[in-house]
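Asks: Sharing a model prediction with you, sequence too.
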Amino acid sequence: MITGAYNQSAIATLVEHTTRYVMLVHLPTDHTTESMRDGLIKTMATLPQHLRGSLTWDQGAEMALHTSIGIATDMEVYFCDPASPRQRGSNENTNGLLRQHFPKGTAPNALRTRG
């Protein structure tokens, strides 16, 4: 997840490990546990079942509702070891690439969701 100016908005990044398919979850007003849960469930529902093997997240508090995310998406949710971004290398690389378009301190509100 990357956050915008003053942590007011955020983009959660989902990268499918095998195909490197990227999905962005726009969180326009906050990144509370409820917003993250709702955004991830809605976005994952658009992904074909055969690409929904598992979800691996860092140690962020925004994933406190991981059990309900796992149930709603029929996916196992795993967490990386503390201070181990290498365990999510593809995702960290994607976040770095996104930072070229949304530098720290800017608001990623330019990203609009459809639907």
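Replies: Okay, I see it.
Asks: CA atoms for contacts and neighbours, from now on please.
Replies: Fine.
Asks: just checking, next helix/strand downstream of the helix or strand encompassing Leu14?
Replies: Using DSSP states H and E, the secondary-structure element containing Leu14 is strand 10-15. Helices and strands here follow DSSP H and E; after strand 10-15, the next one along the chain is strand 22-27.
Asks: angle of that next one against strand 10-15?
Replies: Per axes from the mean of the first three to the mean of the last three CA atoms, to 10 degrees, the angle that strand 22-27 makes with strand 10-15 is 160 degrees.
Asks: Identify the residue nearest Arg20 in space, chain neighbours excluded?
Replies: Taking CA to CA, 6 or more residues apart in numbering as the measure, Arg20 lies nearest to Ser90, with 7.5 Å between them; neighbours along the chain are not counted.
Asks: residues contacting that neighbour?
Replies: With contact taken as CA atoms under 8 Å, 6 or more residues apart in numbering, Ser90 is in contact with Val15, His17, Arg20.
Asks: Now the helix or strand it falls within: buried residues?
Replies: Ser90 belongs to helix 89-99 when elements are defined using DSSP H and E. For helix 89-99, a neighbour-count test (16 or more other CA atoms under 10 Å) marks Ser90, Asn91, Glu92, Thr94, Asn95 as buried.
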